[in-house]
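> What shape does this take:
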Amino acid sequence: MRLNFALEAHEVEAGYVLTCQAVPTTERIVLDFDAP
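Below is the predicted model of the structure:
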C-alpha cells in the first residue's frame, strides 16, 4: 500500500490491504469484497 492510516499493524500482518491504496504485484488481480 502506498499509505495506511486505517489498518492496525496486526491487520496488515494478516494480509489485509486498503484497495484504494493497493499496488498490484502481478498482471492479473482478483478482488472479492464479499469474503469474510
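> Report the secondary structure state of the residue of the chain positioned farthest from its centre.
Distance to the chain centre peaks in the chain at Glu27, reaching 16.2 Å (criterion: C-alpha atoms, centre = their mean). Look at Glu27: counting by DSSP: H, G, I helix; E, B strand; the rest coil, its state is coil.
> what's the distance between it and Ala9?
As judged by C-beta to C-beta, to the nearest Å, Glu27 and Ala9 stand 30 Å apart. (Each C-beta comes from the backbone N, C-alpha and C, glycine too.)
> Can you give me the pLDDT of the residue farthest from the centre of the chain?
Here the pLDDT value assigned to Glu27 is 96.
> for Ala14, same thing?
pLDDT, read off for Ala14, is 94.
> Flag the shaky bits of this protein, pLDDT-wise.
35-36 (pLDDT under 70).
> What strand or helix carries the closest residue to Val23 other than its chain neighbours?
Spatially, and ignoring its direct neighbours in sequence, Val23 is nearest to Arg2 (6.6 Å; C-beta to C-beta, 6 or more residues apart in numbering). Remark: Arg2 resides in no helix or strand, with elements defined by DSSP states H and E.
> And Glu13, its phi and psi?
phi -60, psi -30 (degrees, to the nearest 10).
> Can you give me the neighbour number for it?
9 (other C-beta atoms under 10 Å).
> Then Ala22?
A total of 12 residues lie near Ala22 under the criterion other C-beta under 10 Å.
> again, but for the one 4 residues further on
By the other C-beta under 10 Å criterion, the neighbourhood of Thr26 contains 5 residues.
> same thing with Leu7?
Neighbouring residues of Leu7 were enumerated by other C-beta under 10 Å; the total is 15.
> Likewise for Tyr16?
There are 13 residues near Tyr16, going by other C-beta under 10 Å.
> And Glu11, by the same measure?
Counted with other C-beta under 10 Å, Glu11 comes out at 13.
> Need the contact partners of whatever helix or strand it lives in.
Taking DSSP H and E as the definition, Glu11 sits inside helix 9-13. With C-beta atoms under 8 Å, 6 or more residues apart in numbering as the test, helix 9-13 has contacts from 1, 4.
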